[in-house]
Structures are given as C-alpha cells and as structure tokens.
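Engineer: got a structure for you, letters missing:
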C-alpha cells in the first residue's frame with residue numbers, strides 16, 4: 001500500500017501550506033466552531049483553505065477525548081464528530097464534507113490514540129469518498145488489527161473506483177487466509193469487476209474458507225468471466241466448497257437472467273439441474289429454467305408433480321405459481337386429471353393462485369371427481385377462477401348440503417365477472433342463508 005503514501009503526503013503538505021488560513025480559523029473559539037459545524041449556529045463564509053483549517057482545529061481538539069481510556073469519557077467527543085459528519089454530508093454541503101474528511105484523514109497516523117483512529121475510520125466509512133482513499137489504503141497493513149479491519153470496511157463502503165483498486169492491490173499481497181477472506185468479502189460487496197481474475201485464481205486455494213469467499217465474491221460480481229471461472233472450479237470442488245461454488249454459479253445465472261441474457265443463464269441452469277448436485281441446488285436451477293425457458297422446463301415440472309419425492313413435488317407446485325405465460329397454465333391444467341389425488345389438490349390451489357381463467361374448464365371438470373378432497377379444492381379454486389358460467393353449478397351445490405355446500409357458498413361470495421351480479425344475486429340469499437344482521 002506504499003504507493004498510496006504519496007497521496008497522504010500531499011494531503012499533509014496541503015494542510016501545512018495554509019498558515020494564513022489557520023490564523024483566520026484561530027480567531028474563532030473552538031466551541032463556537034463546534035456549534036457551527038454541528039448545525040447549532042449559522043455557518044460563516046470561509047474560503048476552502050479557511051474551512052479546512054477550521055475543521056482541522058476542531059478535529060485536533062476532539063482527538064484527545066475520542067482516544068480516552070474510559071468509554072464513558074470518549075462518548076461525548078465521538079458523538080460530536082459523528083454529528084459534524086452528518087451535518088457536513090447533507091446535500092448542498094460538499095465543501096464542508098470535503099474539508100472535514102481531509103482533516104480527519106490527516107489524523108489517522110499511529111501518533112493518534114487507537115480508539116480515536118478507530119472512531120474516525122468509522123466516520124469516514126460513511127462520509128468519505130475519493131479524497132480519503134489514499135490515507136485509508138495505507139492503513140491496510142497497519143500494525144493494529146482493528147485499524148486494518150476498519151480501513152477495509154471504510155474502503156468497502158467507499159464509492160470511489162480507487163477504493164476497489166486499493167483493496168485488490170492489498171489482496172494480491174495478502175498471505176493470511178483470514179485477511180484474504182475479508183478482502184474478498186469487500187470486493188464481492190462492491191461487485192468489483194476487476195477482481196474476477198484474482199478471485200478466480202483463489203478458487204484453487206488450499207484453505208477452504210478462502211475458496212468459499214472467492215466463490216461468493218464471484219457470484220456477487222457476476223458476468224460471463226465470473227461464470228466461466230466458477231464452471232471450471234465446480235468439478236474440482238467438493239464438500240462445503242462445492243456447495244459454495246454451485247451457489248455462486250447459480251447467482252451468476254440469476255444475474256444474467258436479470259440482464260436479459262436468458263440463453264446464457266439457461267445454459268448454467270441446465271448444467272446444474274442435469275447434474276448430481278444436491279436437491280436444493282437442482283430445484284433452484286429448475287426454477288431458473290422455468291423463469292427463462294418456460295416451455296422447455298414445463299415437462300420437467302410436470303414430471304416432478306407425478307414423482308414420489310415430496311420435496312421435489314412441493315417445489316414443483318411452487319413453480320406452477322411462478323411460471324410465466326398462458327401456455328404454462330394450459331400445460332398444468334391438461335396434466336391435472338393425470339396426477340395423484342393429493343397432488344391434484346395442491347395443483348388446484350396453485351392454479352387458483354395463478355388467477356388465469358384459461359384453467360377454468362379443467363377446474364370445473366375436477367368438480368366431478370370422486371375424491372371429496374379434489375372436489376372441495378376445485379370448488380374453492382372457482383372463487384378465483386370462476387365467472388357467471390359457474391354460478392348455477394355453485395348454487396346447486398350450495399343448497400345441497402354437506403362440505404361441498406359450505407365450499408360453494410364461500411366461492412359464491414367471491415366469484416367475479418361482468419355478468420355475475422345479474423345472474424346470481426337473486427340466488428345468493430337462499431343459497432348462502434345469510435345471517436339476520438344482513
């Protein structure tokens with residue numbers, strides 16, 4: 001990180017080169033400056049140099065208290081700096097934010113008490129931008145572990161592209177697995193595209209935690225190159241590392257699908273579903289296929305509905321609800337009478353949730369099932385799928401008594417459609433035996 005020290009040196013030179021501004025700042029009492037910089041007093045007009053000198057003076061005043069041994073003694077000065085940061089970072093106050101961040105960054109050296117350095121880094125994590133990347137990057141190899149971690153977090157949150165470059169440069173020289181994991185997490189959080197090559201190489205690391213972190217980072221970053229790296233690593237991985245690689249590979253595919261690259265995403269989903277990966281991974285892959293290549297995936301969903309695996313069958317029902325398009329409704333409705341009774345009940349509920357009226361005929365046909373459970377599920381589904389054409393059927397069931405009658409009454413209250421009211425209101429009081437309060 002030494003290449004960033006020149007930036008810190010330049011910052012120090014800039015602060016030292018404004019004695020006149022310091023003199024102007026010293027004219028104001030520190031307490032008055034604090035009131036001004038926390039929004040308790042009206043802001044005075046100052047040149048950029050004068051503003052930075054004033055902030056430097058306040059930070060210098062707070063450093064001792066922020067580094068106090070007792071936490072109770074640190075709280076007041078820390079709260080003051082935090083309030084200053086919030087005030088300076090408000091919209092329309094960029095000169096104040098810039099001056100404050102530079103003043104804080106100038107006091108991050110080892111001569112400043114540890115607790116004060118930690119707190120200032122936490123503040124820069126929220127309000128710092130490109131102006132603090134260099135000074136913070138130099139702390140990635142600090143002697144204090146807490147400072148290194150705070151610096152990593154500050155760069156992770158920094159939106160300036162140079163922050164990502166600094167983290168990547170540190171990763172290239174990091175030797176300890178725990179530090180590599182931390183840096184990979186930061187790069188993944190940033191979705192740092194430039195880190196794909198480095199993370200891809202670490203998929204072959206000896207330490208399992210590094211492999212898992214590298215895979216997770218690639219999954220978050222996404223893109224074709226990340227997917228290629230994960231595809232190459234998948235056959236070689238095993239155990240927990242394989243699960244991490246597969247999960248990241250799926251995440252890459254999801255990103256491709258969201259970006260409109262359905263063909264590329266489909267290839268990834270197909271590779272995972274057609275393999276011997278764990279059931280959960282295959283379910284996720286099939287769902288991806290349903291959302292990106294529905295017509296090709298529908299026969300597989302129907303096969304799962306017919307199968308004996310309860311977990312896969314339950315997942316297939318969920319996919320019935322999610323599958324896009326009227327063609328999907330038609331395929332599922334056609335399969336309804338060919339399924340076991342218990343599955344028919346689940347599918348009828350899923351078709352109702354889809355709300356596609358093209359399934360109505362199949363649902364009406366299911367009302368004639370010999371299975372009471374299927375019949376009740378079909379009657380219930382008509383509450384969402386029915387229209388005026390089913391009212392007479394429901395009224396006849398409603399006045400016949402038994403469980404079907406109760407289900408029919410409930411559906412009659414919810415059936416919608418342009419002609420429903422005209423054809424059914426006269427029957428409803430009789431059919432539903434409305435309470436006296438109506």
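Structural biologist: Done, it's in. Predicted, not measured: the structure shown is a model, and the values here were computed from it.
Engineer: Just confirm residue 304 contacts residue 315, I think it does.
Structural biologist: Yes - with contact defined as C-beta atoms under 8 Å, residue 304 and residue 315 form a contacting pair (7.0 Å). C-beta coordinates here come from the backbone N, C-alpha and C atoms, glycine included.
Engineer: Quickly list what's touching both of those two.
Structural biologist: residue 286 (C-beta atoms under 8 Å, 6 or more residues apart in numbering).
Engineer: what number of residues lie near residue 353?
Structural biologist: For residue 353, the neighbour count with other C-beta atoms under 10 Å is 15.
Engineer: before we move on, what SS does it have?
Structural biologist: The three-state label given to residue 353 by DSSP: H, G, I helix; E, B strand; the rest coil is helix.
Engineer: Report how many residues lie close to the residue nearest to it when sequence neighbours are not counted.
Structural biologist: Counting by C-beta to C-beta, 6 or more residues apart in numbering, residue 353 lies nearest to residue 321, which is 5.0 Å off, once chain neighbours are set aside. Other residues near residue 321 number 14, with proximity taken as other C-beta under 10 Å.
Engineer: now the strands for the stretch 101-250 of the chain?
Structural biologist: In the stretch 101-250 of the chain, no strands are defined using DSSP state E, counting those that start in this stretch.
Engineer: Flag the shaky bits of it, pLDDT-wise.
Structural biologist: Scanning the stretch 101-250 of the chain for pLDDT under 70 picks out no residues.
Engineer: Go again with 90.
Structural biologist: Residues of the stretch 101-250 of the chain meeting the criterion pLDDT under 90: 175, 238-240.
Engineer: Same check on the stretch 301-438 of the chain?
Structural biologist: For the stretch 301-438 of the chain, the ranges with pLDDT under 90 are 308-309, 386-404, 412-438.
Engineer: just to revisit the earlier point, could you say what helices and strands the helix or strand hosting the residue nearest to residue 353 packs with?
Structural biologist: Residue 321 belongs to helix 310-322 when assigned by DSSP states H and E. Packing partners of helix 310-322 (3 or more C-beta pairs under 8 Å, 6 or more residues apart in numbering; DSSP states H and E): helix 279-292, helix 294-306, helix 341-354.
Engineer: In contact with the residue nearest to residue 353, which residues?
Structural biologist: 350, 353, 354.
Engineer: give me the number of residues near the residue lying closest to the first one once chain neighbours are set aside?
Structural biologist: Of all residues beyond its chain neighbours, the one nearest residue 350 is residue 320 (4.0 Å), with distances taken as C-beta to C-beta, 6+ apart. Other residues within reach of residue 320 by the criterion other C-beta under 10 Å amount to 24.
Engineer: got a list of what residue 320 touches?
Structural biologist: With C-beta under 8 Å, 6+ apart, residue 320 has these contacts: 301, 305, 328, 332, 347, 350, 351, 354.
Engineer: Show me how the record splits the protein into domains.
Structural biologist: Listed by automatic domain parsing, the domain ranges of the chain are 1-173, 174-288.
Engineer: Determine which stretch of those is the most buried.
Structural biologist: domain 174-288 (a mean of 20; mean count of other C-beta atoms under 10 Å).
Engineer: Can you get me the start-to-end distance on that domain?
Structural biologist: End-to-end span of domain 174-288 (C-alpha to C-alpha, to the nearest Å): 37 Å.
Engineer: Could you give the separation of it from the chain centroid?
Structural biologist: 16 Å (C-alpha atoms, centre = their mean, to the nearest Å).
Engineer: do the same with stretch 50-69
Structural biologist: For stretch 50-69, the distance to the chain centre is 37 Å (C-alpha atoms, centre = their mean).
Engineer: next one: stretch 329-347
Structural biologist: Chain-centre distance of stretch 329-347: 35 Å, with C-alpha atoms, centre = their mean.
Engineer: ok, residues contacting that stretch?
Structural biologist: With contact meaning C-beta under 8 Å, 6+ apart, stretch 329-347 is reached by 298-299, 301-302, 305-306, 313-314, 317, 320, 323, 348, 350-351, 354, 356, 358-359, 361-363, 365-366, 369, 371, 373-374, 377.
Engineer: Which members of the residues you listed are classed as buried?
Structural biologist: 298, 301-302, 305, 313, 317, 320, 323, 348, 350-351, 354, 356, 359, 362-363, 366, 369, 374, 377 (16 or more other C-beta atoms under 10 Å).
Engineer: What distance do you get for residue 194 to residue 171?
Structural biologist: Distance, residue 194 to residue 171, by C-beta to C-beta, to the nearest Å: 11 Å.
Engineer: for residue 276, same thing?
Structural biologist: Distance from residue 276 to residue 171, by C-beta to C-beta: 33 Å.
Engineer: same question, residue 392
Structural biologist: From residue 392 to residue 171 the distance is 71 Å (C-beta to C-beta).
Engineer: residue contacts, the closest residue to residue 209 other than its chain neighbours?
Structural biologist: In this structure, residue 209 finds its nearest non-sequential neighbour in residue 181, 5.4 Å apart by C-beta to C-beta, 6+ apart. Going by C-beta under 8 Å, 6+ apart, residue 181 touches 209, 210, 213.
Engineer: ok, back up a step: check the contacts of residue 320 against residue 267 and report the nearest one.
Structural biologist: Using C-beta to C-beta, residue 301 is the member of the contacts of residue 320 that sits closest to residue 267, with 19.1 Å.
Engineer: just to revisit the earlier point, I'd like the domains of the chain as CSV, with distance to residue 404 appended.
Structural biologist: Formatted as CSV, those follow (distance: least, C-beta to C-beta, whole Å):
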stretch, distance to residue 404
domain 1-173, 60
domain 174-288, 35
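Engineer: of all the ones you listed, which lies closest to residue 401?
Structural biologist: domain 174-288 (42.6 Å).
Engineer: what about the nearest residue to residue 379 once chain neighbours are set aside, helix or strand, and which?
Structural biologist: Spatial nearest neighbour of residue 379, excluding adjacent residues (C-beta to C-beta, 6+ apart): residue 407 at 4.2 Å. Of the helices and strands defined by DSSP H and E, residue 407 is found in helix 403-414.
Engineer: can you map out the helices along the stretch 101-250 of the chain?
Structural biologist: With DSSP state H, counting those that start in this stretch as the criterion, the stretch 101-250 of the chain has helices at 114-127, 130-137, 145-157, 161-173, 177-190, 196-201, 208-221, 224-233, 239-258.
Engineer: for the last one, packing partners?
Structural biologist: Pointing back at helix 239-258 there. helix 208-221, helix 224-233, helix 262-273, helix 279-292.
Engineer: for the first one, same thing?
Structural biologist: Here helix 114-127 touches helix 48-66, helix 71-88, helix 94-105, helix 130-137, helix 145-157, going by 3+ C-beta pairs under 8 Å, 6+ apart.
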